[in-house]
Every structure is written in structure tokens, then in C-alpha cells.
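1. Let's see this in three dimensions:
(one chain, ligands or ions: 1)
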Amino acid sequence: MSEPLGIALIGCGTVGTGVARLLLEQAERLAARAGRPLVLRHIIVRNPHKERPLPWPQERYTSDLSVALKDPEVQLAVEVVGGVEWAREADLKVLAAGKDLVTANKALLALHGAEVFDAARKHHRSVAFEASVAGGVPIIAALTQSLAANQIRSIQGILNGTCNFILTSMYEQGVSYAAALAEAQRLGYAEADPTLDVDGTDAAHKLAILAQIAFGFTVPVESIERRGIAQIEDVDIKYARELGYQIKLLAESWLHDNQVAMHVSPVLLRLLAPLALVRGAYNAVHVVGDAVGDTLYYGKGAGQMPTASSVVADIIDMAVGRAQRTFNTLRLWSNNGAHFQLRPPGTVRSRFYLRVLVEDQPGVLADVAQVLARHHISIASVIQHEVPDEHEGERVQMVILTHTALTGQFRAAASEINQLRCVMAPSVFYPVAD
Ligand SMILES: NC(=O)c1ccc[n+]([C@@H]2O[C@H](COP(=O)([O-])OP(=O)(O)OC[C@H]3O[C@@H](n4cnc5c(N)ncnc54)[C@H](OP(=O)(O)O)[C@@H]3O)[C@@H](O)[C@H]2O)c1
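-> Model (predicted):
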């Protein structure tokens, strides 16, 4: 067997504990897969005095990264710290010290991928990051290796398990957003502060990484249009179901006329569409390649052992030298493949779901339809339930599914509809995927 691979683990929280557990408890199996022993030499944490459930002497936990960086027997560091600033500095130090890097930090890659990858190239080191998108689902390996013969046409992903858990509960149990979020927090699927999950930021970070691989396209995360799920009302879940759809938070990116369209948004999916069937905290990614056609990847997008599974796969890839070859050939975040441009969101064509709360008066549907028609948007179907006699003349929900329209025109129509005298509240709309 060849030389051992010495590893420094930076961060030993949820993911780090899983990684350490695999390295320490499955050493023989991993050595067989890697063709050499994988030896954990340092564990760096913020608080070295905290008790941890690992077969690792308490006195060997340290908060001092420099000892590992100076250790000539460490060839690889695994950064599973989270956050951006401290992690960024740590990763740059790791690379400058001549060590390869495995990371699960999607926020860091989405915001500072170019800097980290440039540093790796400068120091002739490599970076692997399978766990940064969709946790235990091997989507990075699929895109970088298995689908290498293809021009990727589109990526459509459920990339945030917290949001999918909440939307599944709303759909299946008919509960409100607030109740579903509270349940997600109770079960540990949502953080105490869930903002970055529910506002779509986390999914946008992951989408930026996938688009980098699929389209060689570096997009500033802030230019990815995103809407989260916090505004989704149970009434929209019910109307969507009535129309034969389910609402999912999708991160989508697709190639059209040499431009890449990207967004994170709640989208209505047909009830039997493969991604509509993804329940609870699971993740899934639907990738279409020009040669392969449709492919689908599914699994646990977070959690200790699923994420550790991907991190340790990267460590093994580093140990056998595969990750280095992939890293060198792909030239990610290098402006190498920047021949695509970001498609302006207003020029994207889509069908739309539109819900408007209107006065229950004659002519109201005609008023709304006229605005849509002026913006060249045609109606595919309408739902307006009869109002009980005692409430006649009050207010009523009108739900419209449109045919395909330009997003810009649809948005202009929606804001004009909001100005109509018969409209009682700002209209609600979501794209529909067909
Ligand atoms: N959790 C998941 O399911 C999941 C899935 C995919 C990707 N990820 C990514 O994996 C990374 C780690 O996530 P996590 O959930 O494992 O985080 P976590 O449970 O909060 O653990 C973070 C670890 O980093 C250590 N740390 C934080 N700041 C430090 C500092 N300044 N110096 C030294 N150590 C420091 C902490 O030390 P102490 O223990 O002493 O506080 C802790 O051990 C993140 O980038 C996350 O986005 C997580």
C-alpha cells in the first residue's frame, strides 16, 4: 500500500463529526478504496474544550490552525466550518501552505470561488467540493465526470431540504407556512434563524456552483433572481392542487440562445413530474444534457452522514489522484468558459399562475383579462368559486393560469392589474413549469 494521506479536519460540528467518524471508524474500508491509509492528524475547532462524541483524545482538539499547516505529513485539509470570512482565510492559508482542500462550504464557493480556485492554481493544489451542493447526492461528480460528453441544456433542482420539508407539509397536511416552519425547526430540519434557507439564498449559492460547472459561467450570486417561500400562502397550495400542480422551490438554470437563464423561485410543477414527487427534506436535481437527455439525481441533501459521505468521497478522490486531474482539466472559476451571458429575467418565457383578490362584481374578470390581453398574455384556465349567498357582492379569489408569456410583460401586467379599482390586494403569481 502507498504512503498514508495525512488529513487536517477544520471544523468538527455536524458534518465534521460525521467525517471524523468515517475516518476513525471505517479506516480499513477507506484505505482499501483509496489504496492508502487516510490518517486524521489534526482536528481544529473553535472551542477545544467542548466534549465531542468521537474516539479522539480531548487534548488533541485545538483551535490553532497553524500547527496543522506546518505539519509536513498533512497533505490535505477538510474545511467544514461554515460561515464565509474565517473559512475563506483558513482555505487560502491551507492552499498557500501547499495542501489540497476539500470543502462543503457552498456560501464560500458561490461568493469567493474565483479567489479560492485562483489560489489553488497558483500553489499547484486542488479543491474538491462534492458536499457543497445537495449534501449526499453526487451531483458534482455527475456534472464534472459522468456527463462530461454533454453540453448541459438545463438544471432544475430542489436544493434546499428545509424549504422542501415545509412545502411538503403545507401540501400534504394543509398547514400554514408558520406551522410547517415550526415543525421543521422542532425536527432539526430548519435552523433557529432560517432566513438563508427560506429566502432562497442557500439555493442560489448552490445554483451558482452548478452553473459554474455546467456552463463555465461565473455569476455574481446577487444577480441570480430569487424568491423564497415565506410568502407562500396555503390558499395558493390549494389552488395549485386544484389545477393539478404542486408548488416547489426550484433552483433553475438553462441554456437558451447562448444565454443562461437562472433563478430561484417557487414554481408550480405538475403533480406527477419527477421533482413534484420529492418529499420532505430530500433533494433532487434534474439535468438535461444534449447527448444523454434527461437524468435525475436524488437523495439526502443535508445531515451528518449523508454530507460526510460526499466529503469522504472527495478525500478518497484526492488520495487516488482523481480529484487533482478533474480540478486541472475543468479550470473552474477561470473565465475559461465564459462565452455565455446571463439572460435578462424579463426575457424568459414561462406560463404563470396568477391569483387576484377582487370585488365580487360583474365585469371584473373582463377587466383583468383586458390588461393581460394588452400585454399579449392569453389565459389558459380560470378558477373562481361561487361565493355563498350571504357573502355575495363582497370579495372573491380569481385564479388564472396563463399560456406562455414573457416574464417582463407578465410582471408589467400584474402591476397594472394591482392598480385596477376592483382589485383588493396585491396579486400573487408564480411561474408554472410544463
Ligand atoms: N449541516 C449539513 O447538513 C451540511 C450539508 C451540506 C453542507 N454543509 C456545509 O458544511 C459546513 C459545516 O456545516 P456544519 O453544519 O457542520 O456546521 P456546524 O455544525 O456549525 O460546525 C462548524 C464547526 O466549525 C468550527 N468553527 C467555527 N468557527 C471556527 C473558527 N473560527 N475556528 C475554528 N473552528 C471553527 C466549530 O467549532 P466548535 O464546535 O468549537 O463550535 C464547529 O466544529 C458549512 O459550510 C455548511 O454550509 C452542511
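2. Test my guess that Val74 contacts Leu9.
-> No: look at Val74 against Leu9 with Cβ atoms under 8 Å: they stay out of range, at 10.2 Å. Just so you know, the C-beta spots here come from the backbone N, C-alpha and C atoms, and that holds for glycine as well.
3. shared neighbours of the two, anything?
-> Shared contacts of Val74 and Leu9, defined by Cβ atoms under 8 Å, 6 or more residues apart in numbering, are found at His42.
4. Which one's more surrounded, those two?
-> Comparing Val74 with Leu9 by other Cβ atoms under 10 Å, the one with more neighbours is Leu9, at 27 against 23.
5. list the contacts for the more buried one?
-> Counting by Cβ under 8 Å, 6+ apart, the residues that Leu9 touches are Gly16, Val19, Ala20, Leu23, Leu40, His42, Ile43, Ile44, Ala77, Val78, Val80.
6. which SSE is it in?
-> strand 5-10 (DSSP states H and E).
7. Quick check: the residue in the chain that the ligand sits nearest to vs Ala87, distance?
-> Nearest residue of the chain to the ligand: Gly13, at 1.9 Å (Cβ to the nearest ligand atom). Going from Gly13 to Ala87 by Cβ to Cβ, to the nearest Å gives 12 Å.
8. So which of these two has more stuff around it?
-> Using other Cβ under 10 Å as the criterion, Gly13 and Ala87 rank with Ala87 on top: 21 against 15.
9. Grab the nearest non-local neighbour of the more buried one.
-> Among residues not flanking Ala87 along the chain, Val81 sits closest, at 4.6 Å (Cβ to Cβ, 6 or more residues apart in numbering).
10. which residues sit in contact with the one you found?
-> Residues in contact with Val81, defined by Cβ under 8 Å, 6+ apart, are Ile10, Gly11, Ala87, Ala90, Asn105.
11. I'd like those laid out as CSV, including distance to the ligand and pLDDT.
-> As requested, those are exported to CSV (distance: Cβ to the nearest ligand atom, whole Å; pLDDT from 0 to 100):
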residue, distance to the ligand, pLDDT
Ile10, 6, 98
Gly11, 3, 98
Ala87, 7, 98
Ala90, 7, 98
Asn105, 4, 97
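12. Mind giving me the packing neighbours of the helix or strand of the chain with the lowest mean pLDDT?
-> Least confident helix or strand of the chain, by mean pLDDT, DSSP states H and E, is strand 341-342 with a mean of 89. Under the contact definition 3 or more Cβ pairs under 8 Å, 6 or more residues apart in numbering; DSSP states H and E, strand 341-342 sits against strand 259-270.
13. Output the set of residues of the stretch 301-434 of the chain in proximity to the ligand.
-> Ala302, Gly303, Thr307 (Cβ under 6 Å from any ligand atom).
14. Switch the residues you listed over to JSON lines; also include neighbour count.
-> Listed next are those as JSON lines, based on neighbours: other Cβ atoms under 10 Å:
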{"residue": "Ala302", "neighbour count": "22"}
{"residue": "Gly303", "neighbour count": "18"}
{"residue": "Thr307", "neighbour count": "25"}
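15. Go through those residues and name the one nearest Glu233.
-> The nearest member of those to Glu233, counting by Cβ to Cβ, is Ala302 at 26.2 Å.
16. tell me the SS of the closest one?
-> Three-state assignment for Ala302 (DSSP: H, G, I helix; E, B strand; the rest coil): coil.
17. these two touch, right, it and Ser132?
-> No: distance between Ala302 and Ser132: 11.5 Å, which falls outside the contact criterion (Cβ under 8 Å).
18. close enough to count as contact, the residue of the chain closest to the ligand and Gly82?
-> Yes: counting by Cβ under 8 Å, Gly82 is a contact partner of Gly13 at 7.3 Å.
19. in what helix or strand does Thr326 lie?
-> helix 322-330.
20. Could you list the residues in contact with that helix?
-> Under Cβ under 8 Å, 6+ apart, the answer for helix 322-330 is Asp100, Ala120, Ser126, Val127, Ala128, Thr144, Gln145, Ile213, Asp314, Asp317, Met318.
21. mind listing what the second one touches?
-> The contact partners of Ala120, by Cβ under 8 Å, 6+ apart, come to Leu95, Leu101, Ser126, Val127, Phe327.
22. swap the cut-off to 6 Å and go again
-> By Cβ atoms under 6 Å, 6 or more residues apart in numbering, Ala120 lies in contact with Leu95, Val127.
23. In whichever strand or helix holds it, which residues are buried?
-> Using DSSP H and E, Ala120 sits within helix 106-122. By neighbour count on 16 or more other Cβ atoms under 10 Å, the buried set for helix 106-122 is 106-113, 116-117, 119-121.
24. likewise stretch 254-270?
-> The neighbour-count check on stretch 254-270 (16+ other Cβ under 10 Å) flags 254-255, 259-269 as buried.
25. Grab the nearest non-local neighbour of Ile377.
-> The shortest distance from Ile377 to any non-neighbouring residue, by Cβ to Cβ, 6+ apart, is to Ala405 (4.3 Å).
26. And Glu416, by the same measure?
-> Val371 (4.9 Å).
27. hang on, isn't that neighbour packed against Ala413?
-> Yes: assessed by Cβ atoms under 6 Å, Val371 is found in contact with Ala413 at 5.4 Å.
28. what ranges do the helices span in the stretch 1-150 of the chain?
-> 14-25, 27-34, 65-70, 85-96, 106-122, 139-141 (DSSP state H, counting those that start in this stretch).
29. Of all those helices, which one comes closest to Gly393?
-> Across the helices of the stretch 1-150 of the chain, closest to Gly393 is helix 106-122 (Cβ to Cβ), at 51.5 Å.
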